[in-house]
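Q: Below is the sequence, then the predicted model.
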Amino acid sequence: MKIVFDTGVLISFSQTCLLPVFSNIRDDIGEFVITTGVKFECIDRVRNNMRFKLSSLRINDQLNEFIFTVYKSDKELDDMTKEILNLTNSIFLINGTPLHIVDFGEAECMALLSISKSNCLAVDERTTRLLIEDPYALLDILKRKRSNKRIELVQERYDKFKQLIGNPIVIRSVDLLAFAYEKNLLKGIITNKEYLRSALYSLKFNGCAVSFEEIEEYLINIK
Amino acid sequence: MHKMKKNRKFSGKNRLVKNPDNSKQFYAVGDNNENVSFINARRNTRNFKEQDNSSFGRNANRFNKQINSRTHNPNRHKNNNKQNNNRNNYQNQNNQQFNFPKKHGKFQNPDVIKYISSLNFKDWSQILLAINEQFQNVDLQKLHAIDEKLLDEAIISNNKLIAEMAVIAYSYRKLISKKHIFYSPNWKKFKEKTIIDLKLASELSKKPDLTEFTKKIKEIQTDIENTDKLLGHFIHDIVFNARAKIASSAYAYGLSLSQATNLLSADKDSVMAVIGQTKIPDEDSIIKGKTLKEKVNLLKEMTMHKNVIKK
């Protein structure tokens, strides 16, 4: 199995000091791939910012240890990224005007998902996840915030977008960590349920889109 | 009261914990060391009045319930809590008295709504003058409404310059709200320069070539940064925080993280940290998607399939 990673998951794991978990779970899962855009966002861009430099150095170490493979940009990826950007940014219309909801970072990840025939995307943020899994839920969110505007989803464009990226599973950092715990891959890092609970909350507080309710519901059945 | 303090005993759930290095003691809430609530991580001393041991125990349980598992429950304050019920009633009375219309889940002052609807947000010159006016009037509510509306416009038109104006309005509001900055002797100079700069920016926005206008906006932001560095208490300046905060609002509106950070020229790390502190994921929990358990099971199935192929 091949997982394409977005910047958010790497940042969440880095901020919570859980990056070493990746080396434990990679053998069981398969290959972890990132784009050059993701590498730039989480390593090169923040290299001169002392607030985030530690995080960038930690992620760089993971690359040096070959935990992640960097997919170098080529024409095929660039073309696919442009196509996905065009499609995703015209799926939702506000008063007839296309709403620009996705940027280059996520579009490149989705393009890589399509090109590399991988079936799993790791992304912590809500919009990309809902765009792939449930666009009508995203429409509800957009409507909730702008009750006075006419917002619609163009089904035809969404179908085209789905044809391009297929039907991948979208996972978050909490899903990955919980999976690793259940598979007993976190020996020496997360030893019991309370550690797991704390780690899940820590990921949540660092930006992973998961609710208190969801974490607690999950932990009920965990020993 | 003195006697009570002297004879204070703590039940199993609330106890005084001594640090091994003889540093300051702290109160732990929980049955044992493994089950201590994370609220204690930030609280060294109790911050609510205790009448007796049992009331502290009840409050502690309530705190744990709210923060650890029941944060999503909107009715949490209403359950078995007379004091909170009274507070809710008082709030309701107040809301009825002022009759604030509900917009985006928040109550807004009708004057502010009227003022905002009178502005044409396509006319940048007018908006900059409006920011200038409210800055001089020290009207935090109207400045806040302007920055919210500017963000909305920036999202719809995907325009970075409008987003920058939202950052300016937000930063001014924050500067005004800080007593140590507002009452500083240096404030007068900054205020005079700001008024002139905003008027000039308003004039420059009318020109077809926006290069000078963009420069002026940057200059205004640099002035805010320098003032905050000079008079503020925090390492990270107001503009940096404003970008992260407004980007998190853009994310809440439905933009992706990259799009929100790009629009506001913010750092992903700082925006994610802000999002983590908000209720955005909890508000979205009403959306029925695949749960954590289901996702883990899916991952298990996929890896099982891969391991079978390996063998």
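A: On my side now, so go ahead.
Q: Could you use CA atoms for every contact and neighbour count after this?
A: Fine.
Q: mind showing which ranges of chain B have poor pLDDT?
A: Applying pLDDT under 70 to chain B flags the ranges B:1-107, B:285-286, B:305-311.
Q: Could you confirm whether stretch A:197-206 reaches chain B?
A: Yes: interface with chain B: stretch A:197-206 contributes A:Lys204, A:Phe205, A:Asn206 (Cα under 8 Å from any Cα of the partner chain).
Q: Next, the buried residues of stretch A:164-173.
A: For stretch A:164-173, burial by neighbour count (16 or more other Cα atoms under 10 Å in any protein chain shown) applies to A:Leu164, A:Ile165, A:Gly166, A:Pro168, A:Ile169, A:Val170, A:Ile171, A:Arg172, A:Ser173.
Q: Could you list which of those residues also contact chain B?
A: Among the buried residues of stretch A:164-173, chain B is touched by A:Ile171 when using Cα under 8 Å from any Cα.
Q: Give me the subset of the buried residues of stretch A:164-173 lying in strands.
A: A:Ile169, A:Val170, A:Ile171 (DSSP state E).
Q: and which of those residues is nearest A:Ile141?
A: A:Val170 (18.8 Å; Cα to Cα).
Q: circling back to that earlier point, pLDDT for the ones in strands among the buried residues of stretch A:164-173 - can I get that in JSON lines?
A: JSON lines is the format used below for these (pLDDT from 0 to 100):
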{"residue": "A:Ile169", "pLDDT": "92"}
{"residue": "A:Val170", "pLDDT": "94"}
{"residue": "A:Ile171", "pLDDT": "94"}
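Q: With distance to B:Lys142 added, can I get those in CSV?
A: Formatted as CSV, these follow (distance: Cα to Cα, whole Å):
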residue, distance to B:Lys142
A:Ile169, 44
A:Val170, 41
A:Ile171, 41
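Q: can you give me the strands in the chain?
A: With no chain named, the answer covers chain A. Along chain A, the segments classed as strands by DSSP E run A:2-5, A:31-35, A:68-71, A:92-94, A:97-98, A:120-122, A:151-153, A:169-171.
Q: that answer is for a different chain, and I need it for chain B
A: Counting by DSSP E, the strands of chain B are B:14-17, B:26-29, B:102-103, B:106-107.
Q: sorry, back to before: let's see if you can find the most crowded of the residues of stretch A:197-206 next to chain B.
A: A:Asn206 (27 neighbours; other Cα atoms under 10 Å in any protein chain shown).
Q: right, and that residue touches A:Gln15 too?
A: Yes: with contact defined as Cα atoms under 8 Å, A:Asn206 counts as touching A:Gln15 (7.1 Å).
Q: which two from the buried residues of stretch A:164-173 end up farthest apart in space?
A: Pairwise over those, using Cα to Cα, the maximum falls at A:Leu164 and A:Ser173, 24.6 Å.
Q: where do the helices sit along the stretch 151-300 of chain B?
A: Taking DSSP state H, counting those that start in this stretch, the helices of the stretch 151-300 of chain B run over residues B:160-177, B:179-182, B:187-204, B:211-231, B:238-253, B:257-264, B:268-277, B:280-283, B:292-310.
Q: got it, and chain A?
A: Secondary structure of chain A (DSSP state H): helices at A:7-15, A:20-29, A:36-39, A:53-64, A:75-88, A:104-115, A:126-133, A:135-145, A:155-165, A:173-182, A:193-205, A:212-220.
Q: Looking at chain B, which residue is nearest chain A?
A: In chain B, no residue comes nearer to chain A than B:Gly276, which is 4.0 Å away by Cα to the nearest Cα.
Q: tell me the residue furthest from the middle of chain A?
A: Residue farthest from the centre of chain A, counting by Cα atoms, centre = their mean, is A:Asn148 at 31.1 Å.
Q: contacting residues for that one?
A: Listed by Cα atoms under 8 Å, 6 or more residues apart in numbering or on different chains, the contact set of A:Asn148 is empty.
Q: Just the pLDDT at it, thanks.
A: We have a pLDDT of 72 for A:Asn148.
Q: Distance check, it against B:Val112.
A: For A:Asn148, the distance to B:Val112 (Cα to Cα, to the nearest Å) stands at 17 Å.
Q: Then B:His236?
A: B:His236 is 30 Å from B:Val112, by Cα to Cα.
Q: between those two, who's got more neighbours?
A: Ranked by neighbour count (other Cα under 10 Å), B:His236 and B:Val112 place B:Val112 first, with 17 against 13.
Q: residue contacts, the more buried one?
A: Contacts for B:Val112 were tallied using Cα under 8 Å, 6+ apart; they are B:Gln141, B:Lys142, B:Ala145.
Q: Just read off the phi/psi values of the residue nearest to A:Asn119 when sequence neighbours are not counted.
A: Nearest residue to A:Asn119, sequence neighbours excluded (Cα to Cα, 6 or more residues apart in numbering or on different chains): A:Pro168, at 4.5 Å. The phi/psi pair for A:Pro168 (degrees, to the nearest 10) reads phi -80, psi 160.
Q: got it, and A:Ile189?
A: Dihedral angles of A:Ile189 (phi, psi; degrees, to the nearest 10) stand at phi -110, psi -60.
Q: got it, and A:Arg150?
A: Here is the backbone geometry of A:Arg150 (degrees, to the nearest 10): phi -90, psi 110.
Q: Not counting its neighbours along the chain, what's nearest it?
A: Spatially, and ignoring its direct neighbours in sequence, A:Arg150 is nearest to A:Asn95 (5.1 Å; Cα to Cα, 6+ apart).
Q: Same question for A:Gln155.
A: Distance criterion Cα to Cα, 6+ apart; nearest residue to A:Gln155, sequence neighbours excluded, is A:Ile91 at 7.4 Å.
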